[in-house]
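A.B. asks: Generate a structure from the sequence data that follows.
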Amino acid sequence: RKEYVDLFVNYMFNESVQKPFEDFMEGFLRGCPARTWKMFLPEELQIVLQGHTAIDWYLLEKNVRYRQYNKSDQTIKDFWTVFHKLSEKKKRMFLAFLSGSDRIPHYQLECFTFYIENPQVKNPDEVYPRAITCYLILLLPR
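C.D. replies: Next comes the predicted model:
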């Protein structure tokens, strides 16, 4: 039985996927030659490919820039109070709403900034928050 299980596991995890993996690797290396990746340590390469998985949400708050708002405005204070009470999953959903990804890109977390902007509409109660993902802008009505 043990031999059968070992053979089965080997087939499922190695032999059955060998050809598709080789095809994938050939295509991947055609677009991204291996010599390019050799300059990275494994940890650095993981961050380049995946982005930062651990996020300091207070650092994110610190790096925000405001347009037509001040950090001391009640809307901003309320936003951050609610934001910090969210679960990790909901915070990542917000990040995906804002940027199109639930992760911070590969550059340093300290450099990641976004804008919170007042859309200056006549009746802010009739407008939902929106995001301009290309420019990392959250349009947050008062």
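A.B. asks: Can you report phi and psi for the spatially most central residue of the chain?
C.D. replies: Nearest residue to the geometric centre of the chain (Cα atoms, centre = their mean): Arg103, 1.5 Å. The phi and psi torsions at Arg103 (degrees, to the nearest 10) take the values phi -130, psi 160.
A.B. asks: residues contacting the residue nearest to it when sequence neighbours are not counted?
C.D. replies: In space, and not counting its chain neighbours, Arg103 is closest to Gly51: 3.4 Å by Cβ to Cβ, 6 or more residues apart in numbering. Quick note: C-beta positions are derived from backbone N, CA and C, even for glycine. Applying Cβ atoms under 8 Å, 6 or more residues apart in numbering, we find Gly51 in contact with Ser101, Arg103, Ile104, Pro105, His106.
A.B. asks: any idea how far Leu45 is from Gly51?
C.D. replies: 12 Å (Cβ to Cβ, to the nearest Å).
A.B. asks: Same check on Trp80?
C.D. replies: Taking Cβ to Cβ, one finds Trp80 at 34 Å from Leu45.
A.B. asks: Which of the two has more residues huddled nearby?
C.D. replies: Trp80 (17 against 14; other Cβ atoms under 10 Å).
A.B. asks: List the contacts of the lengthiest helix in the chain.
C.D. replies: Longest among the helix segments of the chain by residue count, using DSSP state H, is helix 18-31. Applying Cβ under 8 Å, 6+ apart, helix 18-31 has no contact partners.
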